[in-house]
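J.: for reference, the sequence and a predicted model appear below.
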Protein chains: 4
Amino acid sequence: MKTINVGLVGITGYAGMELARLLAGHPAMRLAMACSRAEAGKRLGEFYPFLEHMPGADVVISVFEPKEAAQHCDLVFLAVPAGTAMDMAGPLLDAGVKVVDLSADFRIHDAGVYERWYKHEHHGKDLLRWAVYGLPELYAADIAQTSLTANPGCYPTSVILGLYAALKNKLIEPDDIVVDSKSGATGAGRKAAVPTLFCEVSDNFRAYGLPRHRHTPEIEQEVSLLAGHEVRLSFNTHLLPMNRGILSTIYTKLRDPAATLDSVHEAFLRTWEHSPWIRVLPKGALPETRYVRGSMFCDIGLVVDPRTKRLIILAAIDNLCRGASGQALANANLMCGLPVNAGLEHLAPLA
Amino acid sequence: MKTINVGLVGITGYAGMELARLLAGHPAMRLAMACSRAEAGKRLGEFYPFLEHMPGADVVISVFEPKEAAQHCDLVFLAVPAGTAMDMAGPLLDAGVKVVDLSADFRIHDAGVYERWYKHEHHGKDLLRWAVYGLPELYAADIAQTSLTANPGCYPTSVILGLYAALKNKLIEPDDIVVDSKSGATGAGRKAAVPTLFCEVSDNFRAYGLPRHRHTPEIEQEVSLLAGHEVRLSFNTHLLPMNRGILSTIYTKLRDPAATLDSVHEAFLRTWEHSPWIRVLPKGALPETRYVRGSMFCDIGLVVDPRTKRLIILAAIDNLCRGASGQALANANLMCGLPVNAGLEHLAPLA
Amino acid sequence: MKTINVGLVGITGYAGMELARLLAGHPAMRLAMACSRAEAGKRLGEFYPFLEHMPGADVVISVFEPKEAAQHCDLVFLAVPAGTAMDMAGPLLDAGVKVVDLSADFRIHDAGVYERWYKHEHHGKDLLRWAVYGLPELYAADIAQTSLTANPGCYPTSVILGLYAALKNKLIEPDDIVVDSKSGATGAGRKAAVPTLFCEVSDNFRAYGLPRHRHTPEIEQEVSLLAGHEVRLSFNTHLLPMNRGILSTIYTKLRDPAATLDSVHEAFLRTWEHSPWIRVLPKGALPETRYVRGSMFCDIGLVVDPRTKRLIILAAIDNLCRGASGQALANANLMCGLPVNAGLEHLAPLA
Amino acid sequence: MKTINVGLVGITGYAGMELARLLAGHPAMRLAMACSRAEAGKRLGEFYPFLEHMPGADVVISVFEPKEAAQHCDLVFLAVPAGTAMDMAGPLLDAGVKVVDLSADFRIHDAGVYERWYKHEHHGKDLLRWAVYGLPELYAADIAQTSLTANPGCYPTSVILGLYAALKNKLIEPDDIVVDSKSGATGAGRKAAVPTLFCEVSDNFRAYGLPRHRHTPEIEQEVSLLAGHEVRLSFNTHLLPMNRGILSTIYTKLRDPAATLDSVHEAFLRTWEHSPWIRVLPKGALPETRYVRGSMFCDIGLVVDPRTKRLIILAAIDNLCRGASGQALANANLMCGLPVNAGLEHLAPLA
């Protein structure tokens, strides 16, 4: 493969850290630029000791400049907050640099919906029509054609992948869905803050963001597309005392009250049979976050409760890898004509 | 207060350990007998080093004998598995010893339901009519009169207390309830087993027991009594990578779609105003398991989602204290004519 | 007992939180004032939800004013950073208020040593001669007489209590001591900072502060007093991925190479026989931090290695209770003529 | 590269699990046989859900038979308890199969020493002279020539690599070394046992095995070889509430009391300059276990304490990867003529 030079803006957060890790093992991509205003001037290996003696360790962190980026990079990952990415993407695209945006800025097709949930103006509206929602199982062909991929949110990745086969096969009522999601603490970001200190999170469990988590509109957008009409659902998030992993427990009502686990399971297997990253578990098995750690896998477990006529779907992903940086890399692979799983084939320690 | 001599059968499990801890600080109860077949002959302080230099440390662990118990104890706590307690209770009651049973054996009024969910015969059916379900907020007067209290399960305690005000005030549809509960690992017991090893639970999150957790009929019994008709609900459990605490996220449909957080919150406050262990949180606040650690508190948070017309109730308890041993002690207090909170007034470390 | 009104300056840190917890269960002390510049105006129960429905919840947080303090308090706990306490103590003492200072400001008798290690000037030198080092087992009589107690550091408490019997009985060479201490993360304080975020501490272990941790001079001061000459030792600290607890593994050389575990153990037992908080473990047993959680206990384990002629002393304490706030309360009890263990008799959950 | 067929005996332990993970990403090795008496008959992907959709998932677990092994495997990893491996190695070697033994059976050159520490007879004494101690940095040439590699213990790997440069350059007194090691709980194995349950290890810290941990003679053997005379040292172990990682804090006396951090650091850098897996940290930096997770790195930090004339060496490794299965794979690579780091080039998630 020929070398693809990539840049990474927002090196200090957990998504940036995870991308630096994955890029160090990528067979074709080379980290050519790493940006952070706060840490500019340091060698990357100095800032991230785990990178020493690995590819990328000698990159010197710099302040983001679109021109510099255009000179050194074929593609840039934006791992910056929502509201910031929308201003960085334009100049890069204008200069012919492909962009994978890990923020929420280009995920919501309707700028009005975005502004209502994110509480700030969208000043990149003209770019929205070029942006592709970067869920490879659903939109691989479009991703391969675009220069701007909107990398999905971590929770939405788990929920949309979890619901996809049920909606596609019309197994459930789209208008009576409750999602109870739980995430590891890397999802809360790497800002210095008392509520995410070790001693506040450890040995503790709590919900947060109810009832208006910002990932709601993103989930509703994709679920509505699948259902064929506008859907509202209840999406609720909790913080787990662990670093990585999302488990979404999705409560749905079966359309056919007589549906069995056998029939539901078979529909899921059929739907995903050509998607190696989706592992529909055997009947009776339930997913565990550790089994997907550091990977692109989405493990799906199915429960049919004949007492309440519900189908409960459990979907587990790694919030940083599948839910952010790994998925960004998969999208970049597609955009650059590489195999989608380049640099993503290795298993991480699970215990 | 005069001294009450108590016995504790099943000292080696987490409920037994927690009772030993609480009894060491009780102003009127004295641990007169501690039983375990496996550890008989050891001093309690030798088996539990945390007890050394504290009341109870010098008790020698013995094998349970009803006659011995009757000779030394006014009341016995049974912290043994379901199926075992039903055989121990009779002889104790016959000998005039009060019993608080921490197992499930006397919680379900209908022995047929018990047998269907617990998969073994109930051979203490004649005692069922004497047993009182030991939730002090609901049944204090009956508990004070009985000699046999069935201590509630940990999950049911959180769910029933969480739902009580909503059902009592007819705020929700009783037939569309989904409970998503999460528990710390002490809930899984203290048996040597690979799935509960540190390295299997740590950094991991998973559901278990779906869709037929044994606590379901106990919850449905009490919810049905409150609703006035037989209710089926969806009850689902998850294992948290932490020691203690249950958070139940309870999804309900509002009967009045125009109900507001204000009105719901006020109804909850009113219902619980004379129950010091129930803390209805301020509007906007959500419970955290750490805030109830080692205590009898049940912290309740309320969320009204006008988009989906749902009331989400979040209830947090300590699964070992409020959900087992502390509640057993409160019931014992009531049965012995002591203040319900004797020995239960102290706060545990929360960080 | 008559009521003692106490104030607490520095309510937001972990030591302040722990004191608030302990005071809520104290039979004679009443929290009359709680100070924090940042949180002034809030009810304490609002700031600390775990305190709601408990004594102290209704205190309104205020900005520290010596005059206000003198008006409302018999005694004030200073849980503020080193360098700040030295300015607060004087005005309080002048106004007749007793002071327990949890900072390092009055621990080191020699102001020059203090200034060398803490890198700032000591401008409370005149108060130093009144200050008593608040280790109750060593200095109870003096503490009972003073108005200013310097509450010991967490690590020094474990090390000095661990070494005391060995030095007192001249079992070891005082000039060849290596201390390898490990602490839970509450010891790192409650400041918003990236290195103490959950995701940085969890699943991680590291040393810090080597080779010049500020607790070194405090340990050397007390060890030198015991040895009868000036001692230098190697004191080294590590951060554990857990909230509470210190274990100090203390490596010493036996003076008598033929000394046995029997003889050493007996000397320790004899030395501590009248100190209920010091638990010298049975021969062969080793301390665990969980067994002392939330308590005043110091558990001591002894290992004699005949191959290397070393005595290894392992001392475990709770860094927040025995190592800070519990010890402060014990000192306050002594200063106010109360039983030393008032409010400190309860066991915390250990699993 | 041509395909090397390998077998793995002892699939159910953490070392077996880690080898299965690493082999799934190895460019030349193919898992041809996986043995476990207890789990025979299951597909590996069924037993280890994380392996599904990865190489190796379809291997059916079998009972170990040397003849079967010889038929299907070029090399076999023995991840079985000490005492068992010694009986399995002979038949394999006789049949021309190379062996990497992860147990202690062939690490100690002197069978008498082995028998004294391991408390059972060594009935593979004739094989001892063929066994090479598998520390690649020290013995790569010998490993490449042998058919039987004794894979080092986890603790010894950290301690020997930590001390190597100091001893080689005669910087320290070999006869006054104290090692304080701390390990994650995977080091305690995957047997069902109460002391390693989640709730017993979590939030807890303790020492164990003092003063006679079985890894002592292995460390002393290699340190003695480096020192040129028989050395006894104090080696002490502790259990961390986390899954993976060892940090050894090694206390030594400087031979030259005037030695500086500069000179020591330079000697370490020089010694390891051609060893990419050994990362001597910059002066002032200290290792963290998370930075080596899932890797072959050994991170070394250096502290010179002029007050006590000590050199403190801190060495961090991943106990399962560098300390067991990754090192076994590196040794297998050498024995099969592959690059030593084949299959070991990827970084694992660190947060």
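T.: Arrived safely, thanks for sending.

J.: contacts only, for residue A:67.
T.: Residue A:67 makes contacts with residue A:95, as judged by Cβ atoms under 8 Å, 6 or more residues apart in numbering or on different chains. For glycine as for every other residue, the C-beta is placed from the backbone atoms N, C-alpha and C.

J.: which element is it on?
T.: For residue A:67, the host element (DSSP states H and E) is helix A:66-72.

J.: residue A:40 and residue A:9, how far apart?
T.: 12 Å (Cβ to Cβ, to the nearest Å).

J.: looking at those two, which one has more neighbours?
T.: Counted by other Cβ atoms under 10 Å in any protein chain shown, residue A:40 and residue A:9 do not tie: residue A:9 has more neighbours, with 27 against 14.

J.: pLDDT score assigned to the more buried one?
T.: Residue A:9 is assigned 98 on the pLDDT scale.

J.: please name the nearest non-neighbouring residue to it.
T.: Distances taken as Cβ to Cβ, 6 or more residues apart in numbering or on different chains place residue A:35 nearest to residue A:9, at 4.4 Å, with adjacent residues excluded.

J.: let me know whether that neighbour touches residue A:13 as I believe.
T.: No: applying Cβ atoms under 8 Å as the test, residue A:35 and residue A:13 come out as separate, 11.8 Å apart.

J.: so residue A:30 bridges to which residues?
T.: residue A:5 (DSSP bridges).

J.: quick one: it from residue B:33, how far?
T.: 72 Å.

J.: who has more neighbours out of the two?
T.: residue B:33 (22 against 16).

J.: contacting residues around the more buried one?
T.: Residue B:33 is in contact with B:5, B:6, B:7, B:8, B:59, B:62, B:68, B:69, B:72, B:73, B:76, counting by Cβ under 8 Å, 6+ apart.

J.: how near is it to residue B:69?
T.: The value you get for residue B:33 to residue B:69, if Cβ to Cβ is used, is 6 Å.

J.: between those two, which contacts overlap?
T.: B:7, B:76.

J.: which residue ranges of chain A form helices?
T.: Along chain A, counting by DSSP state H, helices occupy A:14-23, A:44-47, A:66-72, A:85-94, A:111-118, A:125-128, A:136-145, A:154-168, A:198-201, A:216-227, A:261-271, A:326-335.

J.: okay, those in a markdown table with distance to residue B:196 next?
T.: Putting the helices of chain A into a markdown table (distance: least, Cβ to Cβ, whole Å) gives the following:
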| stretch | distance to residue B:196 |
| --- | --- |
| helix A:14-23 | 29 |
| helix A:44-47 | 38 |
| helix A:66-72 | 50 |
| helix A:85-94 | 43 |
| helix A:111-118 | 40 |
| helix A:125-128 | 49 |
| helix A:136-145 | 34 |
| helix A:154-168 | 25 |
| helix A:198-201 | 22 |
| helix A:216-227 | 33 |
| helix A:261-271 | 27 |
| helix A:326-335 | 30 |
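
J.: any chance of those in TSV, with mean pLDDT too?
T.: Listed next are those as TSV, based on pLDDT from 0 to 100:
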stretch	mean pLDDT
helix A:14-23	98
helix A:44-47	97
helix A:66-72	96
helix A:85-94	97
helix A:111-118	97
helix A:125-128	96
helix A:136-145	98
helix A:154-168	98
helix A:198-201	98
helix A:216-227	98
helix A:261-271	98
helix A:326-335	98
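
J.: wait, which of those helices is closest to residue C:249?
T.: Smallest distance to residue C:249 across these (Cβ to Cβ): 22.6 Å, for helix A:198-201.

J.: touching chain D at all, the closest one?
T.: No: between helix A:198-201 and chain D, judged by Cβ under 8 Å from any Cβ of the partner chain, nothing touches; the nearest distance is 11.2 Å.

J.: before we move on, what about stretch A:130-146?
T.: No: Stretch A:130-146 is not in contact with chain D by Cβ under 8 Å from any Cβ; minimum separation 13.8 Å.

J.: give me the residues contacting that stretch.
T.: Residues contacting stretch A:130-146 (Cβ under 8 Å, 6+ apart): A:93, A:100-101, A:106-107, A:147-152, A:157, A:160-161, A:164, A:222, A:272, A:275, A:277-278, A:327-328, A:330-331, A:334-335, A:337, A:340.
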